[in-house]
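Trainee: Sequence and predicted structure, then a few things I'm wondering about:
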Amino acid sequence: MKISATVITFNEETHIRKCLDSLDKVADEIVVVDSFSTDQTESICRSYEKVRFVQNAFKGYIEQKHYGLNEARYDWVLSLDGDECLSHELIHEMNGIKEKAPPGIEAYSMPRLNNYCGRWIRHSGWYPDRKVRFWNKQYGSWGGNNPHDTVQLEKGAKTHRLRGDILHYTIPDLEAHVAQSNKFSTIAAHELLRNRTKRFTTLRLLFNPPFVFLKHYFLKLGFLDGFRGLTIAVVSAHSKFLKYAKYKQLTSGHEDSAS
């Protein structure tokens with residue numbers, strides 16, 4: 001089995017070495033699709049023999065990952081983001097599959113462990129956060145709604161669950177979390193407008209954010225993550241509010257005046 005690893009990047013100099021070091025132990029080629037980074041991402045990537053570095057204008061997370069998938073030479077594709085890497089256990093599992101792949105399996109899912117503000121989060125609805133990230137591209141491709149991309153497999157494709165974690169160095173501090181929430185809620189509002197999948201209602205704006213808080217903090221045991229769990233629950237609820245409020249602005253064609 002030959003494996004093409006694909007990575008999308010934009011200004012990932014902080015984490016990209018961890019990502020590429022882990023992929024170098026598994027992949028036969030590494031395709032990095034970069035959105036014209038202005039830091040040291042390009043020079044770091046080009047220092048790896050297996051890396052094929054290409055640049056493509058960013059039109060969306062799904063679109064960028066599609067581009068990487070089309071660049072992959074081999075059918076079996078392993079996809080990571082630039083701030084992710086494979087754990088030692090997952091590297092061991094992947095190499096075992098390369099040596100002797102189980103018959104009849106078209107895709108593999110693995111849990112993702114998120115590092116938030118310097119600590120690994122094991123509750124709050126953030127773990128196991130299982131993702132399909134290794135699959136035969138003849139049986140699936142990227143789908144979902146930006147900014148939340150998912151691998152969509154053909155009906156009947158069999159998936160095997162791996163135990164090793166993807167390690168995700170997601171958010172370094174609260175300021176970055178608030179900025180990400182603002183960015184992602186804007187993208188999500190535009191996706192709602194584009195797809196017209198939901199009508200705006202005041203009830204949704206009123207009740208969805210509190211439900212999100214209760215879900216993350218109580219139902220998903222976020223309180224066990226301490227102050228970080230509380231922060232995740234509050235920012236997640238605020239992000240949900242922003243998503244629908246921005247969608248309301250887009251559909252009404254004007255912004256309400258601040259009081």
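Mentor: Done, it's in.

Trainee: what about V54, helix or strand, and which?
Mentor: Assigned by DSSP states H and E, V54 falls within strand 51-55.

Trainee: Direction included, what does that strand pair up with?
Mentor: strand 29-34 (parallel) (DSSP bridges).

Trainee: How about residues contacting the strand it pairs with?
Mentor: With C-beta atoms under 8 Å, 6 or more residues apart in numbering as the test, strand 29-34 has contacts from 3-10, 20, 23-24, 41-42, 45, 48, 50-56, 64-65, 67-68, 71-74. Backbone N, C-alpha and C define where each C-beta goes, glycine included.

Trainee: After that strand, which helix or strand is next?
Mentor: Past strand 29-34, the next helix or strand by DSSP H and E is helix 41-46.

Trainee: Do you have the strands of the stretch 101-250 of the chain handy? List them.
Mentor: For the stretch 101-250 of the chain, the strands defined by DSSP state E, counting those that start in this stretch occupy 107-110, 112-116, 119-121, 131-136, 140-145, 148-153, 159-161, 166-171.

Trainee: As JSON lines, these with mean neighbour count, mean pLDDT and distance to E84 would be great.
Mentor: Converted to JSON lines, those look like this (neighbours: other C-beta atoms under 10 Å; pLDDT from 0 to 100; distance: least, C-beta to C-beta, whole Å):
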{"stretch": "strand 107-110", "mean neighbour count": "22", "mean pLDDT": "98", "distance to E84": "11"}
{"stretch": "strand 112-116", "mean neighbour count": "20", "mean pLDDT": "98", "distance to E84": "8"}
{"stretch": "strand 119-121", "mean neighbour count": "17", "mean pLDDT": "98", "distance to E84": "14"}
{"stretch": "strand 131-136", "mean neighbour count": "22", "mean pLDDT": "98", "distance to E84": "9"}
{"stretch": "strand 140-145", "mean neighbour count": "17", "mean pLDDT": "95", "distance to E84": "16"}
{"stretch": "strand 148-153", "mean neighbour count": "17", "mean pLDDT": "96", "distance to E84": "13"}
{"stretch": "strand 159-161", "mean neighbour count": "15", "mean pLDDT": "98", "distance to E84": "18"}
{"stretch": "strand 166-171", "mean neighbour count": "22", "mean pLDDT": "97", "distance to E84": "5"}
